[in-house]
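Undergrad: please find the sequence and the predicted model below.
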Amino acid sequence: MEKRYEKRGVSASKDEVHRAIKGLDKGLFPNAFCKILPDISGGDSHYCNIMHADTAGTKTALAYIYWRETGDLSVWKGIVQDAIVMNLDDMACAGCTDHFILSSTIGRNKNLISGDVISTLINHTYAFAEKMAEYGVHIYPAGGETADVGDIVRTIDVGYTAFARIRRSEVIDIQIKEGDTIVGFASYGQASYEDTYNGGMGSNGLTSARHDLFSAFYKAKYPDSFDPNIPFDMAYTGSKMLLDEFLIDNNSVHFGKLVLSPTRTYLPLLVSMVPQFRKYISALIHCTGGGQTKVMKFIHSPLTVIKDNLLPMPPLFEAIHKESGTSLKEMYEVFNMGHRLEAYVSDTGIANEMIAMARELKIDAQIVGRVSASQHKKLVVASGGEVIEYA
């Protein structure tokens, strides 16, 4: 059966992309989370270069509607963070946690997106860099390109490219093995460096989240916010309005703002945790495209990854599940479902130290599973009374 996500013209697994790049050179460390290149910029054999590009994806479509409905420009600050974090936290999973050069690429439909939005996006790039510097993470904005391309962009696309140079000895070359303990770091809650409660959405699965949650009212009012080529009955099928209130921990938040929660960066944690525990880390996995199945792309031997002690499902994902009726199996392939960073470590004592470090930053964390020997490569997720297998 075709999944709801695929019916909307998107893919959690990106199989076509992976087939397209299958024969390309994979860099110095073929199993690292990001492609690692020789030190082209410096020519030093002890160093390497990392470059990464990503966008905020279709989250911008929801930000566009929320801004048009409320006039609230602050949602675009979250979009900046989304696009930056989708780069830098991926790079951190490859071992790079500091000294990033950052360039933006913004394409907008000028007839719909005002100059105030562009100003907010550009200025918050610098504000986010200043905030991260307080936690020992140094980001250097290097300008970028802003283009008016209304013929090809329905509303706005916000992307960044990041570059860094690190020692080859610092690279995390993913080698998940039997006996590893898996630590999950929450994507939701309010970390000490966050201003408000974070719903945990990140920047993956927004096509499903916004269409499954929000009312057909927006389909009629904002046709520019979705692809007209998707089945009409798959667009905005939910019952929620953006300004409907959602009660979390006795605090009320708009549904729209909850889904637009900025993608949490784990860099304030990783900038200390990675150097301290690097030799114990078999892998860091940023559970982005593919959600909880992301790790399967980095396993090339017969191992079973078992996640049977997951963090509680955040209220936002519970709401999406209830509203859409999407199976848990598909939910775990599309969304992070509660933790967007996981560490595979060879020592349970070290795992507990990592958990303590995270909690100091008010990030919930716990041992969520383990790795065992197997005849075939597979992932087992136990959730909601179900045991789900992916192979």
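TA: That came in fine, so what should we check first?

Undergrad: when you work out contacts or count neighbours from here on, use the C-alpha atoms and nothing else.
TA: Fine.

Undergrad: need the three-state assignment for Cys96.
TA: coil (DSSP: H, G, I helix; E, B strand; the rest coil).

Undergrad: the chain: helices as residue ranges?
TA: For the chain, helices defined by DSSP state H occupy the ranges 4-7, 15-20, 59-70, 75-93, 115-133, 206-213, 217-221, 255-259, 267-277, 315-324, 328-334, 348-360.

Undergrad: how much space between Val158 and Phe335?
TA: Distance, Val158 to Phe335, using C-alpha to C-alpha, to the nearest Å: 21 Å.

Undergrad: apologies, that question was intended for Ile40.
TA: Counting by C-alpha to C-alpha - Ile40 and Phe335 are separated by 36 Å.

Undergrad: more crowded one of these two?
TA: For Ile40 versus Phe335, neighbours defined as other C-alpha atoms under 10 Å are more numerous around Phe335 (28 against 12).

Undergrad: contact partners for the more buried one?
TA: By C-alpha atoms under 8 Å, 6 or more residues apart in numbering, the contact set of Phe335 is Met201, Asn204, Gly205, Thr288, Gly290, Gly291, Gln292.

Undergrad: any chance of those residues in JSON lines, plus pLDDT, neighbour count and distance to Thr326?
TA: As requested, the contacts of Phe335 are exported to JSON lines (pLDDT from 0 to 100; neighbours: other C-alpha atoms under 10 Å; distance: C-alpha to C-alpha, whole Å):
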{"residue": "Met201", "pLDDT": "95", "neighbour count": "28", "distance to Thr326": "16"}
{"residue": "Asn204", "pLDDT": "92", "neighbour count": "24", "distance to Thr326": "16"}
{"residue": "Gly205", "pLDDT": "92", "neighbour count": "25", "distance to Thr326": "12"}
{"residue": "Thr288", "pLDDT": "95", "neighbour count": "23", "distance to Thr326": "19"}
{"residue": "Gly290", "pLDDT": "95", "neighbour count": "23", "distance to Thr326": "15"}
{"residue": "Gly291", "pLDDT": "96", "neighbour count": "24", "distance to Thr326": "15"}
{"residue": "Gln292", "pLDDT": "97", "neighbour count": "26", "distance to Thr326": "16"}
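
Undergrad: and the helices of the chain: which comes nearest Asn31?
TA: Minimum separation from Asn31 across the helices of the chain (C-alpha to C-alpha) falls at helix 75-93, 11.4 Å.

Undergrad: give me the angle between that closest one and helix 267-277.
TA: Counting by axes from the mean of the first three to the mean of the last three C-alpha atoms, to 10 degrees, helix 75-93 lies at 10 degrees to helix 267-277.

Undergrad: so which elements touch helix 75-93?
TA: strand 47-55, helix 59-70, helix 115-133, strand 156-167, helix 267-277, strand 281-286 (3 or more C-alpha pairs under 8 Å, 6 or more residues apart in numbering; DSSP states H and E).

Undergrad: buried stuff in the third one?
TA: Applying a neighbour-count criterion of 16 or more other C-alpha atoms under 10 Å, one finds Val117, Ile118, Thr120, Leu121, Ile122, His124, Thr125, Phe128, Ala129, Met132 buried in helix 115-133.

Undergrad: returning to what we had before: will you turn the helices of the chain into a markdown table that also has distance to Ser192?
TA: What follows is the helices of the chain, written out as a markdown table (distance: least, C-alpha to C-alpha, whole Å):
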| stretch | distance to Ser192 |
| --- | --- |
| helix 4-7 | 33 |
| helix 15-20 | 37 |
| helix 59-70 | 24 |
| helix 75-93 | 16 |
| helix 115-133 | 12 |
| helix 206-213 | 25 |
| helix 217-221 | 35 |
| helix 255-259 | 18 |
| helix 267-277 | 10 |
| helix 315-324 | 20 |
| helix 328-334 | 27 |
| helix 348-360 | 8 |
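
Undergrad: fine by me, we can end here.
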